[in-house]
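Peer 1: Based on what follows, work out the 3D shape:
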Amino acid sequence: MNIIKEKKNYILVVRILLIFVFFATWEVTARLKLYNPLFTSYPSEIILDLKDFLVSGDLVKHTSITLKEAFIGLFYGTIVGIVVGLLFGQIQSLGKIFLPIITAIHGIPQLTLAPVYILWFGLGLTSKIFLAALMVFFNVFFSTYAGIQNIEPKLIESANLLGADTVQTLYHVVLPSSMPWILTGIRNGVGASLIGAIIGEFMGASAGFGWMIAYASSYFKIARVMSCIFILLIVGLILNFILDKAEAYLLRWKATTRLSFNYEKNM
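Peer 2: Sure, this is the predicted structure:
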């Protein structure tokens, strides 16, 4: 246990040092005018801007709007993606019919369709939620469908021999076996939901991080742009941390695979 704890502390220290070196290098090189700081600002100015952003109340306002759009889109996109993936995986004829269509739609850059979604659903939350949900859906659907296709057939046969019906097989065999794939799709969907919400705000909105970034960029307020990016980075880290904990719990039955014969407990 002491070795594992020491290794955790070592990794944490290395991460902090790398972050410190990165920001220190950024600050020094910008102050020395080794490049034009107009395009990157300074970490010190970004900190001051974050303070103003928070005190003015704009940070809470824009964060709440963007996260609301992203989280609702993540919820609906995940649910629909899992359900459709399970349905197509169990009914192969549906998969063969609709999979090429979904793949073709997924191949269209959603940025080009964003104005169409705004035309359909208006400038409010609905168009941003739809875009975020659609981008999440593709990630979760393809991961779920692939997970079901890669389930070991002997597991299904064993469940049937033991007398499990369709619902029991789905709950006790199919879902647990495909859960690593589903969680991978959700993990990718977290970033996709934020991207979808921000793209929608770029196309047409009066608030949110996408709108704020576009507004600040038009007036060359690079510190504000970097502040928004920094907040989105923190949000992404928090969401991935939550997913790590959920994955560790849901996949506690799964053995860790390593390219070594030396067994090591999960960090």
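
Peer 1: Packing partners of the one helix or strand residue 105 maps to?
Peer 2: Element membership of residue 105, judged by DSSP states H and E, is helix 92-106. Applying 3 or more CB pairs under 8 Å, 6 or more residues apart in numbering; DSSP states H and E, we find helix 92-106 packed against helix 58-90, helix 125-149. Glycine gets a C-beta too; all of them are placed from N, C-alpha and C.

Peer 1: got the angle for the shortest one vs helix 92-106?
Peer 2: Taking axes from the mean of the first three to the mean of the last three CA atoms, to 10 degrees, one finds that helix 125-149 is oriented at 130 degrees with respect to helix 92-106.

Peer 1: same deal with the longest one?
Peer 2: Computed by the same axes, to 10 degrees, the angle separating helix 58-90 from helix 92-106 equals 140 degrees.

Peer 1: how distant is helix 58-90 from the center of its chain?
Peer 2: 10 Å (CA atoms, centre = their mean, to the nearest Å).

Peer 1: Report all helices and strands that that helix contacts.
Peer 2: The contact analysis (3+ CB pairs under 8 Å, 6+ apart) places helix 58-90 against helix 43-55, helix 92-106, helix 125-149, helix 175-203, helix 209-218, helix 222-250.

Peer 1: tell me which residues in that helix are buried?
Peer 2: 59, 62-63, 65-67, 69-74, 76-78, 80-82, 84-86, 88-89 (16 or more other CB atoms under 10 Å).

Peer 1: same thing with the last one?
Peer 2: Judged by neighbour count (16+ other CB under 10 Å), helix 125-149 contains these buried residues: 125-148.

Peer 1: In contact with residue 69, which residues?
Peer 2: The contact partners of residue 69, taken as CB atoms under 8 Å, 6 or more residues apart in numbering, are 125, 128-129, 132, 196-197, 200-201, 208.

Peer 1: let's see 10 Å
Peer 2: If you count contacts by CB atoms under 10 Å, 6 or more residues apart in numbering, residue 69 has them with 124-133, 193-194, 196-198, 200-201, 205, 208-210.

Peer 1: Show me what the mean pLDDT comes to for the helix holding residue 105.
Peer 2: The pLDDT scores in helix 92-106 average 86.

Peer 1: For it, C-alpha coordinates in CSV please.
Peer 2: What follows is helix 92-106 as a C-alpha-only set of coordinates in CSV (Å, rounded to 0.1, in the frame of the first residue of the first chain):
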residue,chain,number,x,y,z
GLN,A,92,-29.6,-7.6,-37.0
SER,A,93,-32.0,-6.7,-39.9
LEU,A,94,-32.5,-3.2,-38.4
GLY,A,95,-28.8,-2.8,-38.1
LYS,A,96,-28.1,-3.8,-41.7
ILE,A,97,-30.8,-1.4,-42.9
PHE,A,98,-30.1,1.7,-40.9
LEU,A,99,-26.4,1.5,-40.0
PRO,A,100,-25.3,2.8,-43.4
ILE,A,101,-27.7,5.6,-43.2
ILE,A,102,-26.6,6.6,-39.7
THR,A,103,-23.0,6.3,-40.8
ALA,A,104,-23.6,8.6,-43.8
ILE,A,105,-25.3,11.2,-41.6
HIS,A,106,-22.4,11.0,-39.1
